[in-house]
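Visitor: got a sequence here, can you build the structure:
(chains A and B)
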Number of protein chains: 2
Amino acid sequence: MVKFADRMNQLQGSEIRELLKLTQQPDIISFAGGLPAKELFPVEGMKEAALAVMNENGQEAMQYSTTEGINPLREKIVARMKAKNGIDATIDNILITNGSQQGLDFSGRVFLNEGDVVLMESPSYLGAINAFQANCPKFVEVPTDNNGMIMSELEKIIQTTENIKMIYVIPDFQNPTGRTWPLERRKQFMEIINKYEIPVIEDNPYGELRFEGENMPSLKSLDTKGLVVFLGTFSKILAPGYRLGWVCASNEILEKYNFIKQGADLQPSTVSQLEVNKFMELYNLDDHVAKIKEVYGHRRDVMLAAMKREFPEGIEYTHPEGGLFTWVVLPEYMNAREVALECIKEKVAYVPGGSFFPNGGHENTFRMNYSCMPDDKIEQGIASLGRVLKAMMKK
Amino acid sequence: MVKFADRMNQLQGSEIRELLKLTQQPDIISFAGGLPAKELFPVEGMKEAALAVMNENGQEAMQYSTTEGINPLREKIVARMKAKNGIDATIDNILITNGSQQGLDFSGRVFLNEGDVVLMESPSYLGAINAFQANCPKFVEVPTDNNGMIMSELEKIIQTTENIKMIYVIPDFQNPTGRTWPLERRKQFMEIINKYEIPVIEDNPYGELRFEGENMPSLKSLDTKGLVVFLGTFSKILAPGYRLGWVCASNEILEKYNFIKQGADLQPSTVSQLEVNKFMELYNLDDHVAKIKEVYGHRRDVMLAAMKREFPEGIEYTHPEGGLFTWVVLPEYMNAREVALECIKEKVAYVPGGSFFPNGGHENTFRMNYSCMPDDKIEQGIASLGRVLKAMMKK
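Guide: Reported below is the predicted structural model:
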């Protein structure tokens, strides 16, 4: 008799991945995924990079390489984190991973025994919940408001909860809410963390995609005790298809991530690393990011304006200053999964918000992505969504 | 205070990966790694494939794709397993992974609770031990002889051991010993497995690299009850730098691997998959494999002849019919780690065998790789090794 590990009882397929399959029908207007706009990918530049790598380093590119990643790319990551996130690090603090999803998986494996407690924002990223779930932890949700995690609530929870092993946060343009923590909260957070000495996983896939307002320092840049593990990725500033992200942590912590990486898949792809590294030598990645920001910022404007116009009264949504998502809250009596089924009939898709709450509830919420649809599709999709909402709302 | 998960106490860096770093000094003759010969990589072909992918599918190549892998590559894998391993499967039985190391990691996570028992050949692949270790299982080693696992011993162990959750085996050109199970043992094995219904992880990275003798059917091809999980990889038949392997399993089992893949890193690299898929459309991979086999077979001959000539009496080694490794057994009073330190002084490296035994012991053994050194280096390295061995052996 085949018997699986107990952890398999906890795991189900990600609702988003299943939805993505459904929404791959070409006539669906999908606000469901978190996909970058593929029409902006620097295909010619990456082709040039691939050619150069195969001409200059073909044999090395196809061979095994070191677990932690190739040094030239780690150097570029160090320089970028310094410039964009104010982080002082050396390449010895960097492990290159298969996207930051692998950094999430490794974080769970490095810190969590069964039954240990993870704190996270309420709601939080579904993919992180999914990754941590494999270690069968308890999730405790820290209440949030429009400025992110509420620090007085965080401290209360820390004071009254046993076995907290880590805190997972997305302070910039959070997934799913699009919210960003102001500076004061970041400082308060680090004071609390330093006081209780709890490891923090700071997930920062969207930080560079700010359309308005002032850049905020990363938590890692405020970290004086080596408690913050920073997760970065090329998925949103370049392209996700190469599966390249990174972990930045103190030597003591990063060593553990390295051990996990060895057993998990030996090393990141040599070819992918060399190609992305070469692209960054040939081109200024900042120029590309500037282009993305302009388009996404515009699409956010189009979506928010359409929501304002098309949505009935009594529906709230966030105003993200960057990133890919806005978050919609329906009246409490409504169920966003039921609305989603109606929307699919009208060829519009989003992700119901309940899945972003590890302990359930909040079925009156949903997440909207604005990065990968052109203006006319956004207008059209929000109009359809507005009609469905109007039809389903109580008068 | 940062507190790691208990599993981190079990994990250390792989000795091989550490050795590989040491042996990257250009003047070392290394028989330590399991690296393919990089001079045989089809660099021009992969360059052509990369170009074609970026020209035809650049945007798709850089975008997210499905967890289980892209269909055209899964189809080619199904066809290849049918032709080479006699396996009947459909693409729904295939999950593409980051090399077969990720298949090993997932196997541990799918099947093993803490304290569960894994059976494996004694000795077995260090990377598998390392991957399973993260789940804190007990390893029970099944005795082997020159024909691989001894089936009477296997049955005895199954009858007297509780909580056996899986059996891990490498029936073809095993790592580290180079041994291959004859047909009769494979049939006996499947009879035992079917009787006790225990899941089997059949790791087959080297099966296509046979220099002499007759091809053996894979265990998976003899599997009538869906108990065998087959792990394949492009690392040894094409190149490891793309990090592409696969899991082939029954729908019931593969679903669990898919869940783990979603949380672990979402999906395999889209670019890598499309490039390898395109290469297989443009070229016949069999032609490339034929070239590899010819060179590796010749290098095996050179190494074995040199060992016969240069090694003192009283040292045994295997005669592999394929794959990358031969296995050396010194007299019991000798310690291969001590010999290795002397060898490093003479600029020659191998992997001491003790690490391949999950429960320790057998320090008089070591693993030799012959795939990635040219003839003259093999001759020179074995001569140095022979001198060290002669000097350290009791007269």
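
Visitor: pull out the buried residues from stretch A:358-371.
Guide: For stretch A:358-371, a neighbour-count test (16 or more other Cβ atoms under 10 Å in any protein chain shown) marks A:358, A:362-371 as buried. Using the backbone N, CA and C atoms, a C-beta is placed for each residue, glycine as well.

Visitor: need the contact list for the residue most central in space within chain A.
Guide: With the centre of chain A defined as its mean C-alpha position, the nearest residue by Cα atoms, centre = their mean is residue A:205, 5.1 Å away. Contacts for residue A:205 were tallied using Cβ atoms under 8 Å, 6 or more residues apart in numbering or on different chains; they are A:100, A:170, A:175, A:231-233, A:235-236, A:245.

Visitor: go on, residue A:143?
Guide: With Cβ under 8 Å, 6+ apart as the criterion, the residues that contact residue A:143 are A:122, A:149-150, A:153.

Visitor: swap the cut-off to 10 Å and go again
Guide: Contact criterion Cβ atoms under 10 Å, 6 or more residues apart in numbering or on different chains gives A:121-122, A:149-150, A:152-154, A:156-157 as the residues in contact with residue A:143.

Visitor: any idea how far chain B is from it?
Guide: Using Cβ to the nearest Cβ, to the nearest Å, we find residue A:143 at a distance of 25 Å from chain B.

Visitor: just residue A:232 next, same as before
Guide: Counting by Cβ to the nearest Cβ - residue A:232 and chain B are separated by 15 Å.

Visitor: quick one: secondary structure of the residue lying closest to that residue once chain neighbours are set aside?
Guide: Nearest non-adjacent residue to residue A:232, counting by Cβ to Cβ, 6 or more residues apart in numbering or on different chains: residue A:246, 5.0 Å away. For residue A:246, the secondary-structure state derived from DSSP: H, G, I helix; E, B strand; the rest coil is strand.

Visitor: residue A:246 is in contact with residue A:235, isn't it?
Guide: No. Using Cβ atoms under 10 Å, residue A:246 and residue A:235 do not qualify as a contacting pair, with a distance of 11.2 Å.

Visitor: who touches both of these two?
Guide: Going by Cβ under 10 Å, 6+ apart, residues that sit against residue A:246 and also against residue A:235 are A:99-100.

Visitor: looking at those two, which is more packed in?
Guide: Ranked by neighbour count (other Cβ atoms under 10 Å in any protein chain shown), residue A:246 and residue A:235 place residue A:246 first, with 27 against 24.

Visitor: please, where are all the helices along chain A?
Guide: A:15-22, A:43-62, A:71-85, A:99-111, A:126-133, A:151-160, A:183-196, A:251-265, A:270-282, A:285-310, A:336-345, A:375-392 (DSSP state H).

Visitor: any chance of those helices in TSV, plus mean neighbour count?
Guide: Output for the helices of chain A, formatted as TSV (neighbours: other Cβ atoms under 10 Å in any protein chain shown):
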stretch	mean neighbour count
helix A:15-22	17
helix A:43-62	20
helix A:71-85	18
helix A:99-111	28
helix A:126-133	25
helix A:151-160	15
helix A:183-196	16
helix A:251-265	22
helix A:270-282	22
helix A:285-310	17
helix A:336-345	17
helix A:375-392	18
